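Undergrad: build me a model from this:
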Amino acid sequence: MASWSNLGLQDSASPLMEQLIFFYDHTTLVLILITTLVGYILSSLFFNKLTNRTLLEGQTIEMIWTVLPALILIFIALPSLRLLYLLDEVGTPSITLKAIGHQWYWSYEYSDFMQVSFDSYMIPTNELPASGFRLLDVDNRTILPVNTQIRVLVSAADVIHSWTIPALGVKVDAVPGRLNQISFSIDRPGLLYGQCSEICGANHSFMPIVIESTSTDSFLSWISNSKET
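TA: Next comes the predicted model:
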């Protein structure tokens with residue numbers, strides 16, 4: 001049975017996602033207040049003739065109907081613009097990762113390290129271990145360190161894909177012939193799952209993304225082992 005916790009956003013794994021969750025809660029509260037106010041006014045119109053005359057006549061109520069929505073829009077727009085700026089801001093990255101979308105898998109290149117690249121395919125259901133997640137696990141996970149500024153360059157080799165990790169608040173279109181970028185940092189270790197969010201063909205739902213966030217020492221050890229193989 002599904003729990004109420006599954007109806008919301010995923011747990012945050014980055015400062016960007018924390019800001020997105022805050023804005024989501026902020027906007028939801030505003031919508032609840034608007035719905036409550038409008039519902040109260042409609043019920044008053046039906047059951048109270050005095051309120052009916054007050055709401056439909058007079059210059060004062062027209063001023064309120066004009067000013068109040070404008071204030072509400074400003075109350076939503078200011079944190080929204082701030083969040084858009086934070087999502088587009090690219091600081092000085094410590095690591096650059098290149099993600100290339102193919103039909104239907106992802107390939108990765110660690111630009112700061114020589115000879116570290118691999119393809120990432122979804123594990124078929126008949127080969128999936130008991131602890132795996134169907135349609136989400138891959139044969140080669142993308143290893144990234146925590147508390148490190150990471151830049152991801154995203155492109156595609158054939159059609160438009162979308163590199164998406166909900167827990168990081170990251171969604172970048174992979175367009176053939178174009179290089180898009182996103183910057184983020186991961187604030188906790190663990191496994192982060194995502195999928196291509198663009199309808200890119202018959203096997204669109206079979207190109208998942210798995211990021212394994214580890215400590216810096218574990219990441220450097222993995223890089224060294226990858227170079228040796």
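
Undergrad: what sits against the spatially most central residue of the chain?
TA: When Cα atoms, centre = their mean is applied to the chain, the residue found nearest the centroid is residue 169 (2.7 Å). Going by Cβ atoms under 8 Å, 6 or more residues apart in numbering, residue 169 touches 12, 14, 16-17, 19-20, 87, 184. Any C-beta I mention is one placed from the backbone N, CA and C, and that applies to glycine too.

Undergrad: how is this protein divided into domains?
TA: 11-88, 95-228 (automatic domain parsing).

Undergrad: now the ones you listed in CSV, with mean pLDDT?
TA: Shown next, in CSV, are the domains of the chain (pLDDT from 0 to 100):
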stretch, mean pLDDT
domain 11-88, 82
domain 95-228, 90
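
Undergrad: please identify the pairing partners of the helix or strand containing residue 143 and their relative orientation?
TA: Secondary structure assigned from DSSP states H and E places residue 143 in strand 142-145. Sheet partners assigned to strand 142-145 using DSSP bridges are listed as strand 208-214 (parallel).

Undergrad: can you tell me how far residue 195 is from residue 143?
TA: Residue 195 sits 19 Å away from residue 143 when distances are taken as Cβ to Cβ, to the nearest Å.

Undergrad: next one: residue 183
TA: Using Cβ to Cβ, one gets 18 Å for the distance from residue 183 to residue 143.

Undergrad: please, where are all the strands along this protein?
TA: For the chain, strands defined by DSSP state E occupy the ranges 95-102, 105-110, 117-120, 142-145, 150-156, 161-165, 170-174, 180-184, 190-195, 208-214.

Undergrad: residue 45: which of these is closest?
TA: Relative to residue 45, the nearest member of these by Cβ to Cβ is strand 170-174, separated by 42.5 Å.

Undergrad: touching the closest one from outside, list them.
TA: Surrounding strand 170-174, the residues in contact under the criterion Cβ under 8 Å, 6+ apart are 14, 16, 99-101, 152, 154-156, 160-165, 180-182, 184, 194, 197-198.
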